[in-house]
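Peer 1: coords please:
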Amino acid sequence: MERQQDYAVEVEDLTVAYDAKPVLWDIDLKIPKGKLMAVVGPNGAGKTTLIKAMLGLLKPVTGAVRFLDGNDDIRTLKNRIGYVPQSGSVDWDFPATVQDVVLMGCYGKLGWIRRPGKPDVELAIQMLAKVGMQEYASRQISQLSGGQQQRVFLARALAQEAEVYFMDEPFKGVDAQTERAIVALLKELKEQNKTVVVVHHDLQTVPDYFDWVTLINLRVVACGPVEEVFHENNLKKTYQSSGTFLRGVM
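Peer 2: Just a heads-up that it's a prediction; the model follows:
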């Protein structure tokens, strides 16, 4: 039997509603440490809502979320939890350089009063190198392409040196080169025993990119190792489809 501390995230009886209409219902999840987990489901299934509720960005009607050693107060875990939002939700006109954006990932450790020092700048450059963006360090973030901006936000999350990462559709709108770079980063994080939760929409790449998956459509249909729960029967339940879209997936 797995002990509580073996889980990176535990979600219990989570219900979220907008204007009294439930958009997530009785969600129960246990995500072990060191997993790359995809969250998949149709449009409107509540994938992004689930991520935001787990991060405390949305207040649930009922339920509890616990991280790492059973801590249910995410405010005390900001150094240990990283978040990469959807690119469309970010104000890219904000006047900041690429390096400035990545340094924001250090503020959880520094606090808002201390200014980043030389070690923090070196860490930011190192993280930009990991995503192939070090030569853009002095460029304004608004001047980058969508794929480049996504890489910078990944570098910011890496600079945080968190233990659990949440990423909301990091592959959306990026080119093939950026997608390969992101996949390599995810696998590197797994090797470091980090836990990564990714809202994902491409069913065909789930078995290649992830080792854990949650299928969701307002409720959890299944959650577990990809080889055990990512199969046609569960996908039909999730997408309420005849299954024709599964050709070439399984």
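Peer 1: so where's the longest helix in this structure?
Peer 2: helix 176-191 (DSSP state H).
Peer 1: Enumerate the positions of that one that are buried.
Peer 2: 178-179, 181-183, 185-186, 189-190 (16 or more other Cβ atoms under 10 Å). C-beta coordinates here come from the backbone N, C-alpha and C atoms, glycine included.
Peer 1: what do you get for stretch 167-178?
Peer 2: Neighbour-count burial for stretch 167-178, counted by 16+ other Cβ under 10 Å, picks out 167-171, 174, 178.
Peer 1: now stretch 57-77
Peer 2: For stretch 57-77, by 16+ other Cβ under 10 Å, it's 58, 60, 63, 65-68, 74, 77.
Peer 1: Same question for stretch 125-139.
Peer 2: Of the residues in stretch 125-139, 125, 127-128, 130-131, 133-134, 136-137 count as buried by neighbour count, 16+ other Cβ under 10 Å.
Peer 1: so what pLDDT did Val249 get?
Peer 2: On pLDDT, Val249 comes in at 56.
Peer 1: Could you dump the buried residues of helix 176-191 into JSON lines and include pLDDT and distance to Lys237?
Peer 2: Shown next, in JSON lines, are the buried residues of helix 176-191 (pLDDT from 0 to 100; distance: Cβ to Cβ, whole Å):
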{"residue": "Thr178", "pLDDT": "83", "distance to Lys237": "32"}
{"residue": "Glu179", "pLDDT": "88", "distance to Lys237": "28"}
{"residue": "Ala181", "pLDDT": "85", "distance to Lys237": "34"}
{"residue": "Ile182", "pLDDT": "88", "distance to Lys237": "29"}
{"residue": "Val183", "pLDDT": "92", "distance to Lys237": "27"}
{"residue": "Leu185", "pLDDT": "89", "distance to Lys237": "31"}
{"residue": "Leu186", "pLDDT": "92", "distance to Lys237": "27"}
{"residue": "Leu189", "pLDDT": "92", "distance to Lys237": "30"}
{"residue": "Lys190", "pLDDT": "93", "distance to Lys237": "28"}
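Peer 1: Tell me where this structure has helices.
Peer 2: In the chain, the helices defined using DSSP H lie at 47-54, 98-103, 107-110, 118-130, 146-159, 176-191, 206-209, 226-229, 232-239.
Peer 1: The ones you listed: which one's closest to Ile216?
Peer 2: Comparison of the helices of the chain against Ile216 by Cβ to Cβ identifies helix 47-54 as nearest, at 6.2 Å.
Peer 1: Need the contact partners of the closest one.
Peer 2: 9, 11, 14, 16, 23-24, 27, 39-41, 58-60, 63, 65, 86, 166, 168-169, 197, 199, 216 (Cβ atoms under 8 Å, 6 or more residues apart in numbering).
Peer 1: Check which residues of that helix are buried.
Peer 2: Buried, per 16+ other Cβ under 10 Å, within helix 47-54: 47-54.
Peer 1: quick check, nearest of those to Val102?
Peer 2: Among the buried residues of helix 47-54, Ile51 lies closest to Val102 (Cβ to Cβ), at 21.6 Å.
Peer 1: returning to that earlier point: ok, which pair from the buried residues of stretch 167-178 is furthest apart?
Peer 2: It's Asp168 and Thr178 that sit farthest apart of those, by Cβ to Cβ, at 15.8 Å.
Peer 1: mind listing which of the contacts of helix 47-54 are in strands?
Peer 2: Under the assignment DSSP state E, the contacts of helix 47-54 contribute 9, 11, 14, 16, 23-24, 27, 39-40, 63, 65, 166, 168, 197, 199, 216 to strands.
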